[in-house]
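**Q** Here's a sequence, model it:
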Amino acid sequence: MAASQEAGCAPAEDGGAGVCPSDEQIALLRQWDSLRSGVRRLSEQVLEDVHQATGLAPSSFQVLWFLLTAPEQTAQMSELSRTLGFTTAGTTKVADRLCEAGLMERRPQPTDRRVILAGLTPQGRTTATKAALTLADALHERVVASLGLGGLGALAEFATLVDPEPSQHQARTAAEQRA
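**A** Down below sits the predicted model:
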């Protein structure tokens, strides 16, 4: 029995969209669900490893990692929001926590005081590096051990290719992996 029939559906007889997805569409949707849920669970696991080692929440780690890899380990607050997909309020909240913890500092840009820069403190650099090493170990254990470095690189490149809004950070990472 076809998957669409198992679901109590039948495709349209005129070749149109039908009342239910075709067997091919159901297979596509199942593959997508498998990919989406697998990546979500993997992300949760490796970020929990980072949290256990450093006490950093996933959003805090994302900010510190971005700053660690940014030129001069500094970025505009607006760039953090845009690149990480946080709202302005969400970015401010995470930045406040990181500043209170002594991991990040905010300061006006010297050439335009309206622009606020976020930068790592020495303690932030140390914490971000420890977190990044923890993440690398977790990825090696959970991903590289199964796929190999080439497999992970190919997967990352495929993800970049289909990303509807690739950031410059992702493009830079993909280019570095190809080099």
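
**Q** Can you check which helix is longest in the protein?
**A** Longest helix of the chain, by residue count under DSSP state H: helix 23-54.

**Q** okay, the angle between the helix or strand just after it and helix 23-54?
**A** Next helix or strand after helix 23-54 toward the C-terminus (DSSP states H and E): helix 58-69. Per axes from the mean of the first three to the mean of the last three C-alpha atoms, to 10 degrees, the angle that helix 58-69 makes with helix 23-54 is 80 degrees.

**Q** Residue 118: which element?
**A** strand 112-120.

**Q** try residue 106
**A** strand 104-109.

**Q** Show me the shaky parts of the chain.
**A** For the chain, the stretches flagged by pLDDT under 70 are 1-18, 167-179.

**Q** Mind doing that once more with 50?
**A** Low-confidence segments of the chain, defined by pLDDT under 50: 171-172, 174-175, 178.

**Q** buried ones in the strand holding residue 106?
**A** residue 104 (16 or more other C-beta atoms under 10 Å). Bear in mind the C-beta positions are built from the backbone N, C-alpha and C, glycine included.

**Q** Given that strand, what are its sheet partners and their directions?
**A** Looking at strand 104-109 with DSSP bridges, its partner strands are strand 112-120 (antiparallel).
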